[in-house]
Each structure stands twice: as C-alpha cells, then as structure tokens.
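> Fold the following.
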Amino acid sequence: MPIYEYQCEACSHSLEALQKLSDAPLVDCPACGKASLKKQISAAGFRLSGGGWYETDFKSGKKKNIAGDSSGSSSAS
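The predicted model follows:
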C-alpha cells in the first residue's frame, strides 16, 4: 500500500497516511478538524528487498556472481 502525504490548507499541519489505491483521499484535518486537507505530490521511495529480488537479475557475464562467493561458479568433481 502506498503512503500519501497530506497538508492542511487551514493550519498547515502535514501528515502521512497509508492507504489503498482505491481509498478516497482524506479531507478532514486531525489537528484543526476542518475539511481542508490536500494531497501533496511527492517522490515515491521504495526498495526492492526480500527473497524474490536479486542484484544480479540484470547483469551478464562474469558480473553475475558479485554478491556471492568470490571464487566464481566452478563445479569441481
């Protein structure tokens, strides 16, 4: 779920709200109670982390094993 930033035009109170994309924008300011909240335009910050993302996904050649062991992928038998 994205985090949206809001600012009250009446009292200049600012807040962040975790909302679904389908949720209606907030309008009531929790500080002054007036219906004057406006959604701010801000840069979305995100980080791809977890078991499904790898730093080597878009690399080619010998650069694929930069996070793993430094000996490379050799199979000795």
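> Point out where the protein drops to low pLDDT.
With pLDDT under 70 as the threshold, the chain has low-confidence stretches at 44-77.
> Break down it into its strands, ranges please.
Defined through DSSP state E, the strands belonging to the chain, from first to last, are 3-8, 14-18, 37-39.
> which parts of the last one are buried?
By that I understand strand 37-39. With burial defined by 16 or more other C-beta atoms under 10 Å, the residues of strand 37-39 counted as buried are Leu37. For every residue, glycine as well, the C-beta is placed using N, CA and C.
> What pairs with it, parallel or antiparallel?
In the sheet containing strand 37-39, its partner strands are strand 3-8 (antiparallel), by DSSP bridges.
> could you give the angle of the strand it pairs with to strand 14-18?
Angle between the axes of strand 3-8 and strand 14-18 is 150 degrees (criterion: axes from the mean of the first three to the mean of the last three C-alpha atoms, to 10 degrees).
> got a list of contacts for strand 3-8?
13-19, 25-26, 29, 31-32, 34, 36-40, 42 (C-beta atoms under 8 Å, 6 or more residues apart in numbering).
> What of stretch 31-42?
4-11, 13-14, 25-29.
> how many neighbours does Glu16 have?
11 (other C-beta atoms under 10 Å).
> which residues does the closest residue in space to Tyr4 that isn't next to it in sequence contact?
Once flanking residues are discounted, Tyr4 sits nearest to Ala17: 5.3 Å by C-beta to C-beta, 6 or more residues apart in numbering. The neighbourhood of Ala17, defined by C-beta under 8 Å, 6+ apart, consists of 3-4, 6, 26.
> If you rank those by neighbours, which is first?
Tyr6 (19 neighbours).
> ok, what's across the strand from the closest residue to that residue other than its chain neighbours?
With C-beta to C-beta, 6+ apart as the criterion, Tyr6 has its nearest non-adjacent residue at 4.6 Å, and that residue is Leu37. For Leu37, the beta-bridge partners under DSSP bridges are Cys8.
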